[in-house]
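Peer 1: need a structure here:
(chains A and B)
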Number of protein chains: 2
Amino acid sequence: MKEKYMKIAYKEAQKAYKCGDVPVGAVIVKNDKIIAKSYNKKQKKHNATRHAEIEVIEKACKKLKTWYLDDCEIYITMEPCLMCCGAILQSRIKKIFYGVKNEKFGCVQSIEKIFDNDKFNNHVEITGDICSREIAKMLKDFFKQMRNDK
Amino acid sequence: MKEKYMKIAYKEAQKAYKCGDVPVGAVIVKNDKIIAKSYNKKQKKHNATRHAEIEVIEKACKKLKTWYLDDCEIYITMEPCLMCCGAILQSRIKKIFYGVKNEKFGCVQSIEKIFDNDKFNNHVEITGDICSREIAKMLKDFFKQMRNDK
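Peer 2: A predicted model of the protein is given here:
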């Protein structure tokens, strides 16, 4: 099941790719139903906060008419950064599924382990390394193309 | 000068207060000119990510047509949470001025010291305790009223 939703997040990431944004996609699921999907729009919207996670949490909140996403799961193609880990905590999402590690900015397992930090008083379940081969390839292609375009 | 901008952030916070949102306001300044001001809209927008900082960064990015706020300063009535510290890092803001500490969720000096963490590769200048008496009173009144309303 987790591969099914990650593939949808992957398709979202491809939309970011086409817009020249780092290809990251995200999906929010509740009771096995997709509530929202979106992708990184940082360049497209000229806005540093418009990562896929912030976008998809906003859409899910709008749809469910609540800021409280306690019974939702989030699927993200890449390990979230500090801001997005914070947004997940704020929205009370309790399950994170992600594709590849983000060695430079990831705050789940890479540069920080935010969800292991008791001070944040959370119990978030984390599963990484889902569809990671395809996602890693897409990111590699994107950065190669960026370098070539320069 | 910092008191001048903090008072404007305070007025923004009062708008949140009127909407039943925790009164937090924020202002972004560039070359001594106000670029954007906003306030916490979490309850108003039913969205966990709509803290004053996310709102004001979004507005400033729109106005300046860039995600890169490297030469801007942010004034916030309260010490920012994890998500908002991440958003400040993402937008490359280099100066933070804030009013009161947030002992439960603040990540500048209270539960974490994000900007002291070398892993985030930033050089952010921080000044706290600005207009803190007035701001603390407003927050105290707000939470008292919340308890009474219940």
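Peer 1: Can you tell me which residues in chain A are near chain B?
Peer 2: A:42-43, A:45-51, A:54, A:57-58, A:61-62, A:65-69, A:81-87, A:89-92, A:107, A:111-112, A:114, A:117, A:119-120 (Cβ under 8 Å from any Cβ of the partner chain). Yep, even glycine has a C-beta here, placed from its N, CA and C like the rest.
Peer 1: change it to 6 Å
Peer 2: Proximity of chain A to chain B (Cβ under 6 Å from any Cβ of the partner chain) is limited to residues A:42, A:46-49, A:54, A:57-58, A:61, A:65-67, A:82-83, A:86-87, A:90-91, A:111, A:119.
Peer 1: If any of those residues are buried, give me the ChimeraX selection for them.
Peer 2: Buried members of those, defined by 16 or more other Cβ atoms under 10 Å in any protein chain shown, are picked up in ChimeraX with:
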select /A:42,46,47,48,49,54,57,58,61,67,82,83,86,87,90,91,111
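Peer 1: which residues does the closest residue in space to residue A:12 that isn't next to it in sequence bridge with?
Peer 2: Residue nearest to residue A:12 in three dimensions, not counting chain neighbours: residue A:25, with 2.9 Å by Cβ to Cβ, 6 or more residues apart in numbering or on different chains. As for beta bridges, residue A:25 partners with residue A:39 under DSSP bridges.
Peer 1: so residue A:25 makes contact with residue A:9?
Peer 2: Yes - counting by Cβ atoms under 6 Å, residue A:9 is a contact partner of residue A:25 at 4.2 Å.
Peer 1: Overlap in contacts, the two.
Peer 2: Jointly contacting residue A:25 and residue A:9 under the rule Cβ atoms under 6 Å, 6 or more residues apart in numbering or on different chains are residue A:77.
Peer 1: quick one: the helices in chain A?
Peer 2: Ranges of helices within chain A are A:2-18, A:52-64, A:82-91, A:132-149, based on DSSP state H.
Peer 1: Could you dump these into CSV with distance to residue B:17 and mean pLDDT added?
Peer 2: Rendered in CSV, the data for those read as follows (distance: least, Cβ to Cβ, whole Å; pLDDT from 0 to 100):
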stretch, distance to residue B:17, mean pLDDT
helix A:2-18, 37, 97
helix A:52-64, 21, 97
helix A:82-91, 20, 97
helix A:132-149, 44, 96
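Peer 1: Just name the most buried of those helices.
Peer 2: Stretch with highest mean neighbour count among the helices of chain A: helix A:82-91 (a mean of 28; mean count of other Cβ atoms under 10 Å in any protein chain shown).
Peer 1: helices or strands next to that one in the packing?
Peer 2: Contact analysis of helix A:82-91 by 3 or more Cβ pairs under 6 Å, 6 or more residues apart in numbering or on different chains; DSSP states H and E lists helix A:52-64, helix B:82-91 as its packing neighbours.
Peer 1: what packs against the first one?
Peer 2: Looking back up the chat, that one is helix A:52-64. strand A:25-30, strand A:33-39, helix A:82-91.
Peer 1: Apply 8 Å and report the result again.
Peer 2: Helices and strands touching helix A:52-64, by 3 or more Cβ pairs under 8 Å, 6 or more residues apart in numbering or on different chains; DSSP states H and E, are helix A:2-18, strand A:25-30, strand A:33-39, strand A:72-78, helix A:82-91.
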